[in-house]
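Asker: Give me coordinates for this.
(chains A and B)
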Amino acid sequence: MFPRAIDMYRVLPELMWCGFGVLVMFLQPFVRGRQFFTFLALLGSLAGTGAAFASFLHGGPGFSGLVQSDSFTFFFRLLVGSVSFLVVLAAGPYLDREKLPIAEFYALLFFATAGMGVLASAQELLTAFIGLEMSSISSYVLAGYRRDSLKSSESAMKYFLLGSFATAFFLYGIALVYGATGTTLLDKMALTDGTSTLLKLGLALILIGLGFKVAAAPFQVWTPDVYEGAPTPVTALFSAGPKAAAFALLLRIFATVPAATQYWFWAFWVLAVLTMFAGNLGALVQTNMKRLLAYSSIAHAGYILVAFAAVTSMAQGGSSEAAPAYAAVLFYLLSYALVKLGAFTIVSQLGGTGEKNLSLDDYAGLSQRQPFVAAMLSIYLLSLLGLPVTAGFFGKFYIFKAAVNSHLISLAVLMAINSVIGAYYYLRVIVVMYMREPSAEAAAAGPVPFPLGVNAVLLITFVGTILFGVYPNPVINFILRPNLLAH
Amino acid sequence: MLSGGHLLSVLIFFPAAGALALMMLRGDDYKFIRAIAMLVSVAELLFSLILLRGVPIGTSGYQLEEFAKWISAPPIHYHLGADGISMFLVLLTTFLTPISVLASWSSIQHRVKEFFVMLLLLEVGVIGVFFALDMFLFFLFWELMLIPMAFLIGIWGHERRVYAAVKFVLYTMAGSILMLVGIIWLYNATGTFDLPTIQQALANGQLVLEPRTEMLLFLAFFFAFAIKVPLFPLHTWLPDAHVEAPTAGSVMLAGVLLKLGTYGMIRFCLPLFPEASHRAARWVAVLAIIGIIYGALVSMVQPNLKKLVAYSSVSHLGFVVLGIFAFQNISMQGAVFQMLAHGISTGALFLLVGMLYDRRHTFEISEFGGLSTPMPKLAAFFLFVALSSLGLPMLNGFVGEFLILLGTYQRHWGWAAWAALGVILSACYLLWSYQRVFFGEITREKNRTLLDASVREKWILATMAVVILWMGIGSPFITRRTAAATQTVMDQVEPQRAYEASSPASVKPQAKIVRMNAAQTAAIERLGSR
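Answerer: This is a model prediction of the structure:
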C-alpha cells in the first residue's frame, strides 16, 4: 500500500529526527566546526519537537494503523523531543571538555529519539519493536561513547548483552501473541478472545522485555553499572527518554488490549513492590552520585508501576475511571524527566574532566563553594523526594491518588514507606552539601565553571520543576482529555 | 462568606517576601541582615494583632476566609480561614519569631543570612498550616515547614546536629506521608479536600464513614500528629532535635512546631472522625499519661539541662493530648491554653538555657552550680519561668493544667489522678535542677566571672515574663476568644454532651475558675441566641 501524504504528517517528528541524524552524519566529514554541529543538533531537535505539533493537528492512525498520532503520542513526542533538546544543550560542553567527537554523538542521539518517538506512537507490535531497536542500539553505542574509559565500555557491553536478551524476550512475546491472535495490530488484538494460554504467555514475555527497558526489578541489575559508566549526559538521556517511551508503549498496550490488563494486575503489583524496595534499599548504601541517582531511577520506576497497577486494577472492572491513573503516569514521567535531566547535568558538570569527582565526598560543602548549584540540586532532590512546591510532589500525589482510587491501600502504604526510605538518601546528599565543610583541595580548586548550555538546561528544568509544582493545571488538563488515547 | 480582604494571605506570605529580600542582600553585613529580619518579624507581629479584631468573640466558624480555585483536577482550593484556636497559635508564632531573631543576635555568627531566611521561611510554613482549610494546602504547608527546620538544626546546631536533623525529617515524614494517603482516601470518600465542606457533610449526615474506614483514617492522621506532638512512644526524635538545635530553633520547635500536632488533632482528628476518636480515646489517654509521667521522670534524672527541658515538653504536651481526648469543653479549652502557655514558658526556658550555653558552652548541669551569685538577674528570670512552667497559680502554666485536670476529672477520675502526679513531678525536676544550677557553692572557677544578663537578654526575658504574668492573670482574654472554637469542636465530636460540660454546675467553687466559666457561658449563650 502506498503511503499517503497524511501518513507522512503523522510520523513527521520521527522523520525529522531521522533526517537530521542522517544530515549530521553526512556533513561530518566536511565540516570541522564543533559549534556548527551543536547548532544543527539544537535546530534538529527543535524541528522534530515542533513537528509533533503538526502531526498532532493532523492526528489519527497512520500507515493503515501501524502508528497512531493522538494526544498521548503528542505528549510523549514533546517529552522525548524536549529531553533530546536538553541533552544536546548539556552534551555540547561535555563533549568539548572530554574531547570526544561531536557529530556522531548527535546523530546517535537523533536516532535514539526517533526510536522513542516510534515507540510512543506505535499501534502495532512490530513497529514498536523497530522503535525499541532503534532507540536501544543507539543507546548501546552512546553508553560506550567514551571509548578510552573502561567503565564506559563495560557499561556499553552490559547494556548490549542484557538489552539484546530482553529484546529477544520481547520479540518472542510478539511471536506468541501473533500465534494466538493472528494479528500484531493492537486494536485488532483487542477484539480477539483473550483467554488463550498462548496469549497470556506472549503478553508475559512482552512485559519482561519492557520491564527490562524501564528497569523494573527483578530486571533492574544492569541499571547502576550502565548509568555509572555511560557519559553523564547519556545517563541523563537514559533515565528520562527511553524509560518514558517504554512506559508509553506499556500503557498503550493495555489501554487497547483488555486481555493484558486482566493478567497484568498482579504482575504489576509485585513488580512495583520489588522495584521500589530494590531501588530504595540499594540507594541507601551508595557513595557515588551517579549510582545513587541510578538506584533512585529504579525506585521511581517502581512508583510509576504503582500507577500501572492502579490502571490495570481499574480497567479490570471495565470502568472508564482509569483516566486519572493514566494522567498520573504521564505527569510523573514529565516531572521525573525534568528533575533527572537537571540533576544529572549538575553531576556531569561537577564531575570535572574525565568524570573524576563523582563521589558523595566531592559534594561536601558545595553550598559554600557554589551556592546556586547546591540550591538547584537540592530542589531536584527534594522533587525526587516528593516535597511540595515541586513537580515531583504532584507526581507522587497523583500516583497515591490513583492507588487509593483503585483501593490499593496496601500498595499506597508500601509506597509511603518507600518514600521515607528514599528521603534518607536524598537528604544525605543535601546534608553533605550544606552541613559539611568542603575539603581543602576542593576549596582551593575554586568553583567549577558552568557554561551557557548547561545553565540553560538547569534554568529550563528548574523553572519546569517549580512551575508544575505550583500550577500543574495546563498539563493535567491536557492529559485528562477524554480522547487521550484514540483507538 | 468571604470578607476581610487578604489578611491571612498577607500574614502567610509577608515573611516569605522578607526572606526573599534577605536572600537578595549581600551576605557580609550582619548588622543590616539582623535588622531587616527583626523588622520583618516585628511588622509581622503587628499585622497579626489585627486578627484579634478580625475574629470576634463568641462567633463560631471560620473568619477572614479566603477562597480561590487552584488546581482543577482533583479540585484543590486555596482556602484559608481562622478561628479562635488558630488565631492564638498564629499570634504565638508571630510573637516567638522576633524573640528568636533577638535570641540569635550574637549567638549566630556563621552563615547569618541563610539563618534568618530559614527562620522566616519556617514562620511561613507554620502560619500556613494554622490557616489552611483545604487539606491539600494543609499538607503542603506541613511538609514545607520541615525543610527550614531541618536546616536550622543541621547547619547551626551543636555536635550531633546532622543526625538530629535527619532523624527529625524522617520521623515527621513517616507520619506525614501516611497522612497524605489518608487525605487522599478521605477525598475519595467525599470528593473534596475542603475541610468545612467535609465537616458540613458529616454534620448533615450526608457523609457516613464505615467504622473500619473511619478508624484507619483516624489512625493515618493521628499517627502524623502524634509524631509531631510527640506522644509517647513516638517521642524519641524530640530530645535529639532539641538538644542539637540552636536556641532559636529550640524555641520555635518547642514553642510552635509541637503545637502543630495537637492543633491537627483538634482540627482534623476529632471533628472528622468523632466515632473513631471516642473508640481510641482510652488508648490515647493512656499513652498521654505515660508520656506525662515518663517525660517527668526522665527529666528528673537528666544531667543535661537542655534535654531536661526537652523531656519536660513530652510531659507537658501529654497534658494537652489528655485534655483534647477527654472530650470536655473545659479540658479542651485547657488544652488550647496549655499549648499557648507551654509555647511561652518552654520557649523562655530554652532561651535561658541558650544564654547559659552562650556563656559556658555546655548544657551539663554538673558544670554549673551557684550561678545566682555571678548572675542574679538571670537567676531571677529563670526562677520565674520555671515556676510558670511547673504551674504556679497566677502564672500561665497553672491555668491550662488546671482546666485540663478539671475536665479530665469529669471524664474519668483515674486519668486526672495519674496526670496530677505529673504536676507534682514537674515541680520536683524543675526546682531540683534550679537548685543544682543556681544555688549552692560555685564548684567551677570559670563560673565566678560569668556576666549577668545583657541589655538585649533582659529585654527578651522581660517581654517573656510580662506575657507569662499576663496570661496567668488575664487568661479570660484568651479563653473568651477560644471558647466558641472549642465548643464547635466539642459539638462535632460529642453533640449530646456539649452543653452540660460547660454549664456552671460543674464548676468548682474557685474564684478564678468561676470567673472564667462565667465568661465562657456568656460566650456560649451569645452563640446560642444567634
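
Asker: what's the nearest residue to residue A:253 if we skip its chain neighbours?
Answerer: What sits nearest to residue A:253 in space, not counting adjacent residues and going by Cβ to Cβ, 6 or more residues apart in numbering or on different chains, is residue A:260, at 5.4 Å. Every C-beta, even on glycine, is put in place using the N, C-alpha and C of the backbone.

Asker: distance of that neighbour from residue A:173?
Answerer: From residue A:260 over to residue A:173 the distance is 11 Å, taken as Cβ to Cβ, to the nearest Å.

Asker: Kindly report the same for residue B:415.
Answerer: Residue B:415 sits 64 Å away from residue A:173, going by Cβ to Cβ.

Asker: Equivalent analysis for residue A:295, please.
Answerer: For residue A:295, the distance to residue A:173 equals 28 Å [Cβ to Cβ].

Asker: the more surrounded of the two?
Answerer: More neighbours surround residue A:295 than the other of residue A:295 and residue A:173, with 26 against 22 (other Cβ atoms under 10 Å in any protein chain shown).

Asker: That one looks like it's in a strand, true?
Answerer: No - under DSSP: H, G, I helix; E, B strand; the rest coil, residue A:295 sits outside any strand and is assigned helix.

Asker: you'd agree it is up against residue A:282?
Answerer: Yes - assessed by Cβ atoms under 8 Å, residue A:295 is found in contact with residue A:282 at 4.3 Å.

Asker: Quick check: neighbours shared by these two?
Answerer: Jointly contacting residue A:295 and residue A:282 under the rule Cβ atoms under 8 Å, 6 or more residues apart in numbering or on different chains are residue A:224.

Asker: Residue B:26: what secondary structure?
Answerer: When classified by three-state DSSP, residue B:26 comes out as coil.

Asker: any idea how far it is from residue A:370?
Answerer: Distance, residue B:26 to residue A:370, using Cβ to Cβ: 17 Å.

Asker: out of the two, which sits in the busier spot?
Answerer: Shown here are residue B:26 and residue A:370; by other Cβ under 10 Å, residue A:370 has more neighbours (21 against 8).

Asker: That one touches residue A:445, doesn't it?
Answerer: No - if you go by Cβ under 8 Å, residue A:370 and residue A:445 don't touch, sitting 11.3 Å apart.

Asker: list the contacts for the residue of the stretch 401-530 of chain B found nearest chain A?
Answerer: For the stretch 401-530 of chain B and chain A, the shortest gap (Cβ to the nearest Cβ) falls at residue B:492, measuring 24.6 Å. By Cβ under 8 Å, 6+ apart, the contact set of residue B:492 is B:199, B:202-203, B:270-271, B:274.

Asker: most neighbours, which of these?
Answerer: residue B:270 (23 neighbours).

Asker: which secondary structure element contains that residue?
Answerer: helix B:270-272 (DSSP states H and E).

Asker: State the next helix or strand along the chain beyond that helix.
Answerer: Going down the chain from helix B:270-272, the next helix or strand is helix B:274-300, by DSSP H and E.

Asker: pLDDT on that next one, on average?
Answerer: Computed over helix B:274-300, the mean pLDDT rounds to 90.

Asker: got the angle for the helix or strand that it is followed by vs helix B:274-300?
Answerer: On the C-terminal side of helix B:274-300, the nearest following helix or strand under DSSP H and E is helix B:305-324. Here the directions of helix B:305-324 and helix B:274-300 differ by 150 degrees (axes from the mean of the first three to the mean of the last three Cα atoms, to 10 degrees).

Asker: Check the contacts of residue B:492 and tell me the two furthest apart.
Answerer: Greatest spatial distance in the contacts of residue B:492: B:203 and B:270, 13.3 Å, computed using Cβ to Cβ.

Asker: who's in contact with residue 181?
Answerer: Defaulting to chain A. Counted by Cβ under 8 Å, 6+ apart, residue A:181 has contacts A:188-189, A:192, A:199.

Asker: my bad, the chain I had in mind was chain B
Answerer: Under the criterion of Cβ under 8 Å, 6+ apart, the neighbours of residue B:181 are A:400, A:404, A:409, A:412-413, A:416, B:220.

Asker: Assign the closest residue to it other than its chain neighbours to helix, strand or coil.
Answerer: Among residues not flanking residue B:181 along the chain, residue A:412 sits closest, at 4.9 Å (Cβ to Cβ, 6+ apart). Following three-state DSSP, residue A:412 is assigned to helix.

Asker: right, and residue A:412 touches residue A:397 too?
Answerer: No - here residue A:412 lies out of contact with residue A:397, judged by Cβ under 8 Å, at a distance of 11.3 Å.

Asker: Could you list the buried residues of the longest helix seen in chain B?
Answerer: With secondary structure taken from DSSP state H, chain B has its longest helix at helix B:329-360. Residues of helix B:329-360 classed as buried: B:329-357, B:359-360 (neighbour count, 16 or more other Cβ atoms under 10 Å in any protein chain shown).

Asker: if we can go back for a sec, tell me the one among the contacts of residue B:181 nearest to residue A:441.
Answerer: residue A:416 (41.2 Å).

Asker: Any part of stretch A:429-444 near chain B?
Answerer: Yes - residues of stretch A:429-444 contacting chain B under Cβ under 8 Å from any Cβ of the partner chain: A:431, A:434-436.

Asker: I'd like the average pLDDT over that stretch.
Answerer: On average, stretch A:429-444 scores 84.

Asker: Flag every buried residue along that stretch.
Answerer: Going by neighbour count (16+ other Cβ under 10 Å), the buried part of stretch A:429-444 is A:429-436, A:438, A:442.

Asker: Pipe the residues you listed into JSON lines and attach secondary structure per row.
Answerer: Below are the buried residues of stretch A:429-444 laid out as JSON lines (three-state DSSP):
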{"residue": "A:429", "secondary structure": "helix"}
{"residue": "A:430", "secondary structure": "helix"}
{"residue": "A:431", "secondary structure": "helix"}
{"residue": "A:432", "secondary structure": "helix"}
{"residue": "A:433", "secondary structure": "helix"}
{"residue": "A:434", "secondary structure": "helix"}
{"residue": "A:435", "secondary structure": "helix"}
{"residue": "A:436", "secondary structure": "coil"}
{"residue": "A:438", "secondary structure": "coil"}
{"residue": "A:442", "secondary structure": "helix"}
